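[1] output the structure for:
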Amino acid sequence: MSIRIVTIEREYGSGGAKIAQRLAERLGWKLWDEELTAEIARVAQVEREAALRCDEHLDTFLYRLFKVYARGSCERALSIGEDSGFDADRMVEVLGTVIADVASRGNCVIVGRGSAFFLRDRPDVFHAFVYAPDDEKIRRLRSIGKSEEEAAQLIQDVDRERASFIRHYFNAEWPHRSLYELMINSKFGDEHVVAMILEHIAAVEIWSAAHSASR
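    Numbers count the residues shown, from 1 in each chain. Below is the predicted model of the structure:
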């Protein structure tokens with residue numbers, strides 16, 4: 001069995017989105033990050049511009065949770081007007097459909113958005129979780145223009161709300177450790193993380209082939 005899909009979940013500020021981009025480049029695979037949000041907008045039949053707009057008023061608490069859950073240095077949040085009828089539950093329904101479709105095409109790296117949970121029963125998916133110490137996350141966030149105080153607050157708030165999103169929609173704690181083939185600290189550098197993910201994917205494929213042959 002070959003791995004055809006990689007999901008990258010990450011703590012806010014750990015650099016997971018950039019790591020996913022580098023991994024996709026190394027594999028020659030499609031990266032689903034910003035384009036995943038655009039695909040959600042297409043399926044939901046809302047304007048692409050609405051999907052790319054940030055920081056507008058959100059109509060429900062759970063919808064705000066989704067926005068924060070999807071937040072990252074390379075991501076945009078889906079922003080829908082109050083009269084659209086597109087609430088948090090509909091968002092998650094569309095999200096599940098889009099992620100399943102993306103996964104069916106294979107050869108892709110998917111960043112966050114609950115993808116590891118939506119695809120947890122597929123045998124051809126490798127799930128990775130990227131984390132980092134707070135000082136490393138603050139360093140990364142300061143490098144993109146955040147103040148130390150703002151970075152520290154974002155690290156606390158974003159991950160707390162991501163955990164609330166997962167708890168509400170998947171009845172699980174975040175991160176759900178048994179879901180991931182690899183949990184890795186990004187403080188050693190993005191290239192190290194990419195190399196370790198590739199090494200573990202190869203190991204999983206070897207194990208899978210040996211396990212299948214022994215049946």
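[2] strands along the protein, start to end?
    Listed in chain order, the strands of the chain (DSSP state E) span 5-10, 30-32, 108-111, 125-131, 182-185.
[3] now tabulate those strands in JSON lines and tack on mean pLDDT and mean neighbour count.
    For every residue, glycine as well, the C-beta is placed using N, CA and C. Below are these laid out as JSON lines (pLDDT from 0 to 100; neighbours: other C-beta atoms under 10 Å):
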{"stretch": "strand 5-10", "mean pLDDT": "97", "mean neighbour count": "26"}
{"stretch": "strand 30-32", "mean pLDDT": "95", "mean neighbour count": "21"}
{"stretch": "strand 108-111", "mean pLDDT": "96", "mean neighbour count": "25"}
{"stretch": "strand 125-131", "mean pLDDT": "98", "mean neighbour count": "22"}
{"stretch": "strand 182-185", "mean pLDDT": "98", "mean neighbour count": "17"}
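[4] including distance to V94, could these go into a markdown table?
    Below are these laid out as a markdown table (distance: least, C-beta to C-beta, whole Å):
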| stretch | distance to V94 |
| --- | --- |
| strand 5-10 | 18 |
| strand 30-32 | 14 |
| strand 108-111 | 15 |
| strand 125-131 | 20 |
| strand 182-185 | 29 |
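[5] not counting sequence-adjacent ones, nearest residue to the residue nearest the centre of the chain?
    Nearest to the mean C-alpha position of the chain, counting by C-alpha atoms, centre = their mean, stands G112 at 0.9 Å. Excluding the flanking residues, the one nearest G112 by C-beta to C-beta, 6 or more residues apart in numbering is E9, at 5.7 Å.
[6] dump the residue contacts of W32.
    39, 102, 108-111 (C-beta atoms under 8 Å, 6 or more residues apart in numbering).
[7] again, but for I197
    6, 19, 23, 126, 128, 182, 184.
[8] among the contacts of W32, which one sits closest to E136?
    V111 (19.0 Å; C-beta to C-beta).
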